[in-house]
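> Sequence first, then the predicted structure, then my questions.
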Amino acid sequence: MKDLLNQLTIKEKIGQLLQIAPFFFIKDLKIEVAGPVEELNLNEEKIFNAGSVLGIGSAEEMMDVQEKYLKRSRIKIPLIFMADIIHGYKTIFPVPIAMASSFNPKLAEICARVSAIEASTAGIHVTFSPMADLSRDPRWGRVVEGFGEDPYLIGEMVKGMVKGYIGTGINHPGNLASCVKHFAGYGASEAGRDYNTVDLSRLSLYSQYLPAYKKALEAGSRLVMTSFNTIDGVPSTVNKFLLRDVLREKWEFTGVTISDYDSLKQIMAHGVAKDMEEVAYKGITGGLDIEMASSAYSNHLEKLISDGYVDIQLLDEAVLRVLELKRDCGLFEDPYKGASTKLAEELVLSAEHKLASLEVAHESMVLLKNDGVLPLSKTSKIALIGPYASSRATIGPWSWHGRRDLHETLEEVLKEQLVFCKNDVLITNYTDSDFEKIAFADVVILALGESEECSGEAHSKSNIVLPNKQDLLLKMVEKYGKKTVTLLFNGRPLLLQGLLSTNALLECWFLGSQSALSIKEVLYGKINPSGKLPMSFPRSIGQIPLYYNHLNTGRPYKGPNDHNVFVSKYLDVENKPLFPFGYGLSYSNFEYSLIKLDKSIMLDNETIEAKITVLNNSDIAGYETVELYIKDHFAMISRPVLELKQFKKIWFEPNECKEVSFIITKEDLVYINSDGNNVLEPGTFTLFIGKSSDQTISEHFEYVIKK
Ligand code: NOJ
């Protein structure tokens, strides 16, 4: 690649660092001059030197752009096409927060595999996924795109995604390169407001926020997208500490860094650059390779280099990384790699892909309450009401190519059992005659939630109550003495106190193309729900940020019998969430024995085996996720009260009893300190195994380092 690099003019080199949208190439440029082209101040020469494209609709479009580009290009380096394939291309899978609820990284891999097979037929080579941002704030709209609040769970899901995208290798057709995002700490936006300031201690950054990005890189992500926020006052996009010290030095990352949309230019709004020339200077010296949708490099880098402010070496290094990515994606052999209308017709939305989406959806729902009303009897007469009764808007945000018109609604899949259906959110729109019809039903299913537009990028909320007082619908139905099943469609944890009186509460999130069918199969018990919450559900907004792996504090509150005044608690709400991390019910009844450890002292060259017996004390087969947490009692720094270290999702036949074994290694006892280094200290540890972060069996052991 170095030979190729040496053949490029400086303008051609700089072009490789520019990413623009496809309409720059395919529409009549004169038409576009009044719009984005003018804004970016790019002339035709610069446009046709660009190195990559953001977003593309189809194989035809991709081939058209590539052909036009290569015809005009002197050096004929193909464009590389990147896009947001987040939870499926056209076959849409559950949103990431839902997939995280499955506690099954294999399913993330399946989602990513199908996404890669489908999206690559449109000539897409790189997906801007996975999002490895940890968040403890459900007000942040983008929690829907992430895997929750726990670094270990996020890391495992992210690894599954990357593995699925890459498949047999990014050089083969049918696979995608992955760009992990948003580096770093984007999920810690203050007060959950998108794009807001992030103020993280080095300890939180290293120990909670950074590990999942690192896991994505270890799994093979070839690109890193910077985040919109600042870290220590410096925008991530030009943050040397993040991009050079952590990424390149500490983690030895050799792939490509890319800004988020316009985030390089936005460093002016952050107030760390006065003009576009300084923007370009800070970008290239800070460690940013590609700039997405801004033109600081294209318009200013050449002069900065010729005037001696920027060493050309920095440009060369960045361009080389881009060329290597193109080479590794096989674009020099075939610039149209993957793009095929014929393949798209064969593969996209195939029966096999729909089945995969259905299977992922089955495991992504979380049963929050069930007093026995579920599973439903086949003969029960059903009334179905609420804003999602016959809505098709249930595939979730970030599904650009998803076809809402192609999938079924709840009303359609439940039609044989329905005595009444009304798709309305406002209680005032339900008439007496509606309630008379509801009275004929044995069970009322309420399909409630927040619309798809309530979460996602730039869709944060200060209030996370169920909109439009939907719980009043429940209250009204309860007056008729009906059994109720409440289904929730949402992209973030909500405040659910108003729904606690329902007989069953099923968190569906947004389940993708097979949403309705998957829900029906859970309602009727064909599928036994097995999801667990990847984020805590608060009782009140004032508890946020709320997360299970918090520190103990010097004055911990010990529970309802603790009458001490001067302890860490609220006067008006308890400390605990309404539904904790790791919580989720099943139609089975799983019982846990005591833990057996093979030793009570672990020496530094040893492991410990922890065994627990889990009994499915029911006649219903199902999955149980057995969660293992650890607490480190004394260390140089205060350690969390509990940390998820391992989990196993296991199938149980009716009444089956299984011994579940975990091997605890030193890696499970290590913590990351505020210098980003791994530390292992001897001392007492407690192991917790259970069905949720708040329902565990515990056992202690000592870790001893022999002198
Ligand atoms: C902005 C979003 O923050 C990012 O996640 C996405 O990949 C880019 N836009 C490109 O669409």
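Good, I have the coordinates.

> just the residues of the stretch 201-350 of the chain that are near the ligand, which are they?
Contact residues, the stretch 201-350 of the chain versus the ligand (CB under 6 Å from any ligand atom): D260, Y261. C-betas here are computed from N, CA, C, even on glycine.

> Check the stretch 201-350 of the chain for the residue nearest the ligand and tell me.
Going by CB to the nearest ligand atom, the ligand is nearest to Y261 of the stretch 201-350 of the chain, at 3.8 Å.

> In contact with the closest residue to that residue other than its chain neighbours, which residues?
Setting aside the residues directly before and after it, Y261 is nearest to A293 in space (CB to CB, 6 or more residues apart in numbering), at 5.0 Å. By CB atoms under 8 Å, 6 or more residues apart in numbering, the residues touching A293 are Q19, I20, A21, L40, L54, Y261, D262.

> What's the local residue count around the third one?
Using other CB atoms under 10 Å, A21 has 17 neighbouring residues.

> from the contacts of A293, which is closest to G233?
D262 (19.9 Å; CB to CB).

> The closest one: what's it in contact with?
M292, A293, S294.

> likewise I445?
Counted by CB under 8 Å, 6+ apart, I445 has contacts I382, A383, L384, I385, L410, L414, T484, V485, T486, L487, L523.

> among those residues, which are in strands?
I382, A383, L384, I385, T484, V485, T486, L487 (DSSP state E).

> Let's see the pLDDT reported for the fourth one.
Read that as I385. I385 is assigned a predicted lDDT (pLDDT) of 97.

> From I438, how far off is it?
7 Å (CB to CB, to the nearest Å).

> One more: the last one?
Using CB to CB, L487 is found at 16 Å from I438.

> Have a look at the two and say which one is more surrounded.
L487 (25 against 20).

> and that one, bridged to which residues?
A447, L506 (DSSP bridges).

> Help me confirm that it comes into contact with L446.
Yes. Counting by CB atoms under 8 Å, L446 is a contact partner of L487 at 6.9 Å.

> Which neighbours do the two have in common?
G386.

> correct me, but F688 touches L628?
Yes. With contact defined as CB under 8 Å, F688 reaches L628; the gap is 7.2 Å.

> As CSV, the contacts of D262 with secondary structure and pLDDT would be great.
Formatted as CSV, the contacts of D262 follow (DSSP: H, G, I helix; E, B strand; the rest coil; pLDDT from 0 to 100):
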residue, secondary structure, pLDDT
M292, strand, 97
A293, coil, 95
S294, coil, 95
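
> Which one of the residues you listed is nearest to T9?
Nearest member of the contacts of D262 to T9, counting by CB to CB, is S294, at 21.8 Å.

> Can you give me the distance of the closest one to L494?
In this view, S294 and L494 are 36 Å apart by CB to CB.

> cool, M62 as well?
In terms of CB to CB, M62 sits 40 Å off from L494.

> Where does the residue of the stretch 351-500 of the chain found nearest the ligand sit: helix, strand or coil?
Across the stretch 351-500 of the chain, no residue is closer to the ligand than E457, which sits at 5.3 Å (CB to the nearest ligand atom). Following DSSP: H, G, I helix; E, B strand; the rest coil, the label given to E457 is coil.

> My read is that it contacts D194, right?
Yes. Counting by CB under 8 Å, D194 is a contact partner of E457 at 6.5 Å.

> Now list whatever residues contact both of these two.
G141, R142.

> tally of neighbours for the residue lying closest to A383 once chain neighbours are set aside?
Ranked by CB to CB, 6+ apart and with sequence neighbours excluded, the top spatial neighbour of A383 is A441, at 3.7 Å. Residues near A441, counting by other CB under 10 Å, number 22.

> What does A441 show for phi and psi?
Dihedral pair for A441: phi -80, psi 150, per degrees, to the nearest 10.

> residue nearest the centroid of this structure?
Most central in the chain under CA atoms, centre = their mean is G146, positioned 2.0 Å from the mean C-alpha point.

> Might one say that it is in contact with S129?
No. Counting by CB under 8 Å, S129 is not a contact partner of G146; they are 10.9 Å apart.

> neighbours of E67, just the number please.
13.

> what about the host helix or strand of it, average pLDDT?
Element membership of E67 [criterion: DSSP states H and E] is helix 59-72. Average pLDDT, helix 59-72: 95.

> Name the residues that touch that helix?
Contacts of helix 59-72 (CB under 8 Å, 6+ apart): 22, 25-26, 48, 53, 56, 76, 78-79, 81, 121-124, 335-336, 339-341, 343-344.

> Next: stretch 169-179.
Contacts for stretch 169-179 (CB under 8 Å, 6+ apart): 82, 85, 112, 115-117, 119-120, 124-130, 161-162, 165-168, 216, 220-225, 258, 325, 328-330, 337-338.

> Selection in PyMOL covering whichever of those residues are buried, please.
Applying 16 or more other CB atoms under 10 Å to the contacts of stretch 169-179 leaves a buried subset, and the PyMOL line that selects it is:
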select buried, resi 82+85+112+115+116+117+119+120+124+125+126+127+128+129+130+161+162+165+166+167+216+220+221+222+223+224+225+258+325+328+329+330+337+338
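
> Inside strands: which ones of the contacts of helix 59-72?
V53, F81.

> Make a PyMOL selection of whichever of the contacts of helix 59-72 turn out to be buried.
This is the PyMOL syntax for the buried subset of the contacts of helix 59-72, where burial follows 16+ other CB under 10 Å:
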select buried, resi 22+25+48+53+56+78+79+81+121+122+123+124+335+339+340+343+344
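
> Mind checking which of the contacts of helix 59-72 are in helices?
F25, I26, T341, L343, A344 (DSSP state H).

> Go ahead and confirm the first one touches I47.
It refers to F25. Yes. At 6.9 Å, F25 and I47 qualify as touching, with contact defined as CB under 8 Å.

> ok, and for stretch 441-457, which residues are buried?
In stretch 441-457, counting by 16+ other CB under 10 Å, buried: 441-452, 454-457.

> Can you say which two of those are spatially most distant?
Top of the distance list for the buried residues of stretch 441-457 (CB to CB): D442 and E457, 42.1 Å.

> Could you find the closest non-adjacent residue to the residue of the stretch 601-707 of the chain found nearest the ligand?
Here the stretch 601-707 of the chain gets closest to the ligand at one residue, G676, 25.0 Å apart by CB to the nearest ligand atom. Of all residues beyond its chain neighbours, the one nearest G676 is Y206 (4.3 Å), with distances taken as CB to CB, 6+ apart.
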